[in-house]
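Visitor: What shape does this take:
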Amino acid sequence: MNEVADHKLVRNSTVGADLTEEKAKALAEKMGVRHFRDGEFLVKEGENDHTLFVLVSGRIAVSSQDIQGVNQMVYTMKEGECAGTRAFIEKTPRKATLRAVGVATVYTLTPEDFESLLDTYPRVAFRVMRALFRVTHANLSRMNQESKQLANYINKSQGRY
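Guide: Below you'll find the model as predicted:
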């Protein structure tokens, strides 16, 4: 028996924040449920897995290889956040490794399952894409802010050092 994603948790995520209960149920029906043990990999950098991951319990470590090929921690996901937007939308190889920190549960969505919503629930697809744009924009804004702070630190400007 396959486990079913809880539409209430979908609505509480960054992906489902704009969805009504009915639309969240339609999206949840397309999602898979996966459980991970501490240290278990969801996906590794460079893999061609295009699944979108929505963290519903636990934490996920996001890491990426530096220029020496060493995995460096980039971020720790919190419940409700999603990962894999680029691979999901562009169907490109993974740019980061995702690993469970403790026990974690994620909802998964493949591009094919998502696209199957277009005919029956086009507004769900639109709202999810809008949410993914917001996630991507927030990540870019955070990275720009961190880059600016690093530049200020290196140049010893606009702050106390």
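Visitor: which ones are touching the residue nearest the centre of the chain?
Guide: By Cα atoms, centre = their mean, the chain has its centre lying nearest to Ala83, at 1.5 Å. The contact partners of Ala83, by Cβ atoms under 8 Å, 6 or more residues apart in numbering, come to 42, 52-53, 55, 60, 62, 77, 96, 98. (C-beta placed from N, C-alpha, C; glycine too.)
Visitor: Tell me the buried residues in stretch 14-27?
Guide: Within stretch 14-27, the residues scored as buried using 16 or more other Cβ atoms under 10 Å are 14-16, 18-19, 23-27.
Visitor: Kindly report the same for stretch 63-83.
Guide: 63, 77, 79-83.
Visitor: Got phi/psi on His50?
Guide: Dihedral angles phi and psi of His50 (degrees, to the nearest 10) take the values phi -100, psi 20.
Visitor: Which residues are in contact with it?
Guide: Applying Cβ under 8 Å, 6+ apart, we find His50 in contact with 84, 87-88, 91, 110-111.
Visitor: From Leu9, how far off is it?
Guide: 22 Å (Cβ to Cβ, to the nearest Å).
Visitor: do the same with Gly16
Guide: Gly16 is 8 Å from Leu9, by Cβ to Cβ.
Visitor: mind listing what's buried in stretch 104-122?
Guide: 104-110, 113-114, 117, 121.
Visitor: Is it possible to get a markdown table of the residues you listed that adds secondary structure and pLDDT?
Guide: Shown next, in a markdown table, are these (DSSP: H, G, I helix; E, B strand; the rest coil; pLDDT from 0 to 100):
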| residue | secondary structure | pLDDT |
| --- | --- | --- |
| Ala104 | strand | 98 |
| Thr105 | strand | 98 |
| Val106 | strand | 98 |
| Tyr107 | strand | 98 |
| Thr108 | strand | 98 |
| Leu109 | strand | 97 |
| Thr110 | coil | 96 |
| Asp113 | helix | 95 |
| Phe114 | helix | 95 |
| Leu117 | helix | 92 |
| Tyr121 | coil | 93 |
